[in-house]
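A.B. asks: kindly return the folded structure for what I paste below:
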Amino acid sequence: MAAERVGDMTVKELMQLIRREIDQRLLEVPRRKDPRSVKEINEFIKRTRRTPRPGTPSTLELLREDRDR
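C.D. replies: Residues are numbered from 1 along each chain as shown. Alright, predicted model coming up:
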């Protein structure tokens, strides 16, 4: 790659640079193995999911309220 600045790169060159960086970082990060199966993980999520109390505003309602202030 001849470019020295991101602004001088083509989109293709930039995409290649990003892919190389991602690949390199993925190789450096140790992966943690979870002994649970996908089914077990999903069941855990369902069991521990927080359910809001009745009448609690949704996130959309909270955003709209904040926007209207």
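
A.B. asks: next, Pro52: secondary structure please.
C.D. replies: When classified by DSSP: H, G, I helix; E, B strand; the rest coil, Pro52 comes out as coil.

A.B. asks: and it, how far from Thr59?
C.D. replies: Per Cβ to Cβ, to the nearest Å, Pro52 is found 10 Å from Thr59. C-beta coordinates here come from the backbone N, C-alpha and C atoms, glycine included.

A.B. asks: could you check how far Ser37 is from Gly7?
C.D. replies: For Ser37, the distance to Gly7 equals 48 Å [Cβ to Cβ].

A.B. asks: same thing with Arg49?
C.D. replies: 46 Å.

A.B. asks: try Val38
C.D. replies: For Val38 relative to Gly7 (Cβ to Cβ), the value is 43 Å.

A.B. asks: what do you get for Leu14?
C.D. replies: Distance from Leu14 to Gly7, by Cβ to Cβ: 10 Å.

A.B. asks: compare these two (neighbour count), which wins?
C.D. replies: Neighbour totals were compared for Leu14 and Gly7, and Leu14 leads with 14 against 7 (other Cβ atoms under 10 Å).

A.B. asks: which of the helices or strands spans that one?
C.D. replies: Counting by DSSP states H and E, the element that carries Leu14 is helix 11-28.
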